[in-house]
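Participant: Sequence first, predicted model second:
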Amino acid sequence: MDNWAVKHHINVYKSPKNCSLEHGQLRWRELLFDNLVCISNVGQAASYLDRDFVNYVVLGNEKHFKGPSLSSGEMPEGKFYPLINAVEAKAVNASDNLAPAAIKSAIMTTANTRDSTMHPILDFTNVEATPFDYGAGQVNPNDAIDPGLVYDTTIDDCLNFLCARGYNNTQLKKFSNKPFVCAKSFAIIDLNYPSISIPKLTIDGPVTINRRVKNVGSPGTYVAHVKVPEGIAVSVEPNTLQFNNVGEEKAFKVVFRHIGQGQHQGYVFGTLIWSDGKHFLRSPIAMKLG
């Protein structure tokens, strides 16, 4: 995301308190719960629009939000700004069958982490930014039209996530009209989300996360590529996925091991990319070393 724009034109509001942050700050740590990070996007939809119009967002509980698509001035508190909506609309127009979670995946996994000069994005102090600053990256609408693969988070995924957080049947009924049986082996980190978060990684043992990807493009073979700091070992099983049909979905797991001797402490970051040579499905990784 362009630092000048962040400093001068975009206020980022955190949920659920809807309190504004200082200009130029992106506090992704505010999205932590139980030390689990959900890395998402802050989009620059205004960069691709030439006019202001009203957007509507409807949540699963039928609660409606209304707000302008962009603002050329200050963004006062108490208003809702679905800036990403225009990019989602572009993705929907290109792929009418994509579910909302798949559209979000397409936007996140095709986002850029380099600026227009192909250098790493900097934070508001001009230090190289991390996923805690830019989320999944700067939105790239043209690539989001054709992501190749998507992480299609289902209702069952979300309900199992709530189960893993300790929600009981009474609480689950607020989110689902149907009876739901929690999966016995589901872990919080297994939510089929386009980013990967490891709340604690120690030298005592590996951590395994599970994901699924769905083909929304042409047939192809995707190979996994992982970039992590020194002292972290990662294996993807399987590391090659073959897709023959649209809608075909395949599972994989990623095993993380801390093999260092204390060179890194706190949060470190990496990237998982699935690529067939044409598409590059990029997932940010955040790990807290203990």
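Facilitator: Looks like it came in fine.
Participant: Only C-alpha atoms from now on, for both contacts and neighbour counts.
Facilitator: Will do.
Participant: okay, now residue 122: neighbour count?
Facilitator: Neighbours of residue 122 under the rule other C-alpha atoms under 10 Å: 19.
Participant: So it is in contact with residue 128, correct?
Facilitator: Yes: judged on C-alpha atoms under 8 Å, residue 122 makes contact with residue 128 at a distance of 4.4 Å.
Participant: give me the number of residues near the closest residue to residue 205 other than its chain neighbours?
Facilitator: Nearest residue to residue 205, sequence neighbours excluded (C-alpha to C-alpha, 6 or more residues apart in numbering): residue 257, at 6.7 Å. When neighbours are counted by other C-alpha under 10 Å, residue 257 registers 18.
Participant: and if you look at residue 238?
Facilitator: Residue 238: 12 neighbours (other C-alpha under 10 Å).
Participant: Excluding covalently adjacent residues, which one is nearest to it?
Facilitator: That would be residue 252: by C-alpha to C-alpha, 6+ apart, it lies 6.0 Å from residue 238.
Participant: Please name the bridge partners of the one you found.
Facilitator: On the basis of DSSP bridges, residue 252 is bridged to residue 211.
Participant: list the contacts for it?
Facilitator: With contact set as C-alpha atoms under 8 Å, 6 or more residues apart in numbering, residue 252 has these partners: 210-212, 236-239.
Participant: cool, and residue 281?
Facilitator: 109-110, 147-150, 273-275.
Participant: Out of these, who's the most crowded?
Facilitator: Neighbour-wise, the contacts of residue 281 (other C-alpha under 10 Å) top out at residue 109, 31 neighbours.
Participant: just checking, that one touches residue 283?
Facilitator: Yes: contact criterion C-alpha under 8 Å: residue 109 and residue 283 qualify, at 5.8 Å.
Participant: Between its first and last residues, how far does stretch 179-191 reach?
Facilitator: Distance between the boundary residues of stretch 179-191 (C-alpha to C-alpha, to the nearest Å) amounts to 20 Å.
Participant: Give me the contacts around it.
Facilitator: 36, 153, 157-161, 163-165, 169, 172-173, 196-198, 209-211.
Participant: tell me the mean pLDDT over it?
Facilitator: In this model, stretch 179-191 has a mean pLDDT of 91.
Participant: List the buried residues in it.
Facilitator: Buried positions in stretch 179-191, judged by neighbour count with 16 or more other C-alpha atoms under 10 Å: 182, 187-191.
Participant: One more: stretch 211-218?
Facilitator: In stretch 211-218, counting by 16+ other C-alpha under 10 Å, buried: 211-217.
Participant: And stretch 138-156, by the same measure?
Facilitator: 138-141, 143-154.
Participant: about what we covered before: and which of the contacts of residue 281 is nearest residue 99?
Facilitator: Top of the list for closeness to residue 99, among the contacts of residue 281 and by C-alpha to C-alpha, is residue 150 at 10.1 Å.
Participant: check contacts around the closest one.
Facilitator: Counted by C-alpha under 8 Å, 6+ apart, residue 150 has contacts 102-103, 105-106, 194, 213-216, 281.
Participant: roughly how far apart are it and residue 182?
Facilitator: Counting by C-alpha to C-alpha, the gap from residue 150 to residue 182 is 24 Å.
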